[in-house]
Structure formats: structure tokens, C-alpha cells
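Student: using only what follows, build the 3D model:
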Amino acid sequence: MAKSISVAWSEGITEDESEILTQTIEQVLKWLYLRHPLTFIDPPLQVLAFGNWVIPALVPDKPYWGAQWYIEASYDQEINRVIAPTFLELVRHEPWQRQNPHLDLALLEQDLTDFPAPLARLRPDRYSLGTSFPGSMAVMSVHRIRRLAEDHVRRLAMARLVRHNLGHILSVPQFTRRRQIKRLGLESHCTNTCVMRHAATVEDLARLAAEESEMGWSFCPQCTQDLHSVIVRYLHSWS
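Tutor: Numbers count the residues shown, from 1 in each chain. Coordinates of the predicted model:
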């Protein structure tokens, strides 16, 4: 059975932003599939775009009634940010994740922090563009990207954010890698010229996105090999 990537976004995400999200994921996967012809017949990774989904029968009294529930349940009013670790824990324990394990990628318009709530309140200056549980799920925010003045720069930055976090949910860079690697919490980041470099600020994100746009394919050879290993593993797991 193919592994699925569930893609969701919050209320307020524009049509253009959701298109960049879904098209970037599809572009990365199609590029990888070129090396594995069998994947075009029956892709081992299925992208399921649910958008800002709602289950009407559960609104408003039951948990997991829709995409906005995760935001409301993880939003900290004091700092006006979604607590990313709380958001991801809610995704990890959702009933359909237990019934049918899958990868998750979510895009929010709300600001994020990667600190737990008590620490986040002590560091109101700290924000996160995206946070992941590598190999399983990630949540991203357009809040800071929207502040970039130029449309072209915003689009490059947004696509880079998606590629980077798609890499994380596919376990890239691989945890076993020992060279050209930097560990930050649960995440591993590449130190080559690569989309898997860490961008701590939106300015870093825009700068790295512009630099990598000259590469064509923005994953370095080591991370590309890691991605191909993931595709082969999924290919063998369902064939």
C-alpha cells in the first residue's frame, strides 16, 4: 500500500499560497520519480490535499472536527502564536493517524514558535518558520513570509520552506549521516549548499532561496541520494 502525504492548510491561506504548497510537493516527487520509472505507474507516495477541511458532524464540541481545531487547541493567546510542538503532538495522536499511519504537512497563516508554551512566553522574540517531527509530520507558517516586500521573493521563500519541510518528513538528511550535518533539536540539517540548510529567520529564508534558485534542483547530492533511498524504500514496501 502506498504511503500518503496529507496536506492541509488553515483558514486564511490564499489560493496562490495553497498552489505553491501543493505544486512544490508534486514537483519534488516527480523529479525523484524520473530515476524510478515504476513509480509513474503507481506512485509510492500519494499526495492527498485536504485543504482547510471540516467534519460537520463533529463541530463544535468534539476534538478533531477540522483543520482549525488543531490551531485553536495549540494557540497561545499570550504570545499570539501557535505552539508548534503542541500542534504536532495533536497530529501525532489523531485517530486516523493511528488507523492509517501517514505523513502530514500543514501550512498556517498564524505565527509559530518551536518552543513549548512556558519557554515560549519567556522568549516572545523567538519564532519558527516551520517545525517538524522528522520522518512523520511538519507545520509551517506564512506569517513572516507575507512581510517580504517583493512577490517574486515571497514565492521563492515559500517554495523553499515547503521543500525543506518535505525533506524533513521524508527523513532527509538521514539521521545516520555523519558529515556535512548539523543537529538542531529533533531535526538534522545539511551544511552543504542545499535546501536542507537551516533558515532561522525569514531574511535567512529569502537569502538562501535566492541562492538556491540558481541551482535548478536545490537538494545537494548527499540529500538527493537520501531522497532516492526513501523512494526506493517506499517502492519496495508496497510492491
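Student: relative to Arg160, how far out is the residue nearest to Arg155 when sequence neighbours are not counted?
Tutor: The spatial neighbour of Arg155 that comes closest, neighbours along the chain excluded (Cβ to Cβ, 6 or more residues apart in numbering), is Ile20 at 6.3 Å. Yep, even glycine has a C-beta here, placed from its N, CA and C like the rest. Computed as Cβ to Cβ, to the nearest Å, the Ile20 to Arg160 distance reads 10 Å.
Student: so the two - more neighbours on which side?
Tutor: Arg160 (25 against 21; other Cβ atoms under 10 Å).
Student: what's the spacing between stretch 6-21 and its chain's center?
Tutor: 12 Å (Cα atoms, centre = their mean, to the nearest Å).
Student: and stretch 40-57, by the same measure?
Tutor: 15 Å.
Student: try stretch 109-123
Tutor: Mean-position distance between stretch 109-123 and its chain equals 18 Å (Cα atoms, centre = their mean).
Student: ends of it, what's the gap?
Tutor: In terms of Cα to Cα, to the nearest Å, the two terminal residues of stretch 109-123 are separated by 21 Å.
Student: follow-up on the earlier one: work out for me the element the residue nearest to Arg155 sits within.
Tutor: Per DSSP states H and E, Ile20 falls inside helix 15-33.
Student: got the contact list for the spatially most central residue of the chain?
Tutor: For the chain, the residue lying nearest the average C-alpha position, counting by Cα atoms, centre = their mean, turns out to be Asn165 (3.5 Å). The neighbourhood of Asn165, defined by Cβ atoms under 8 Å, 6 or more residues apart in numbering, consists of 105, 130, 132, 138, 140.
Student: for Ala199, give its distance to Arg163.
Tutor: Taking Cβ to Cβ, one finds Ala199 at 11 Å from Arg163.
Student: and Ile20, by the same measure?
Tutor: Counting by Cβ to Cβ, the gap from Ile20 to Arg163 is 11 Å.
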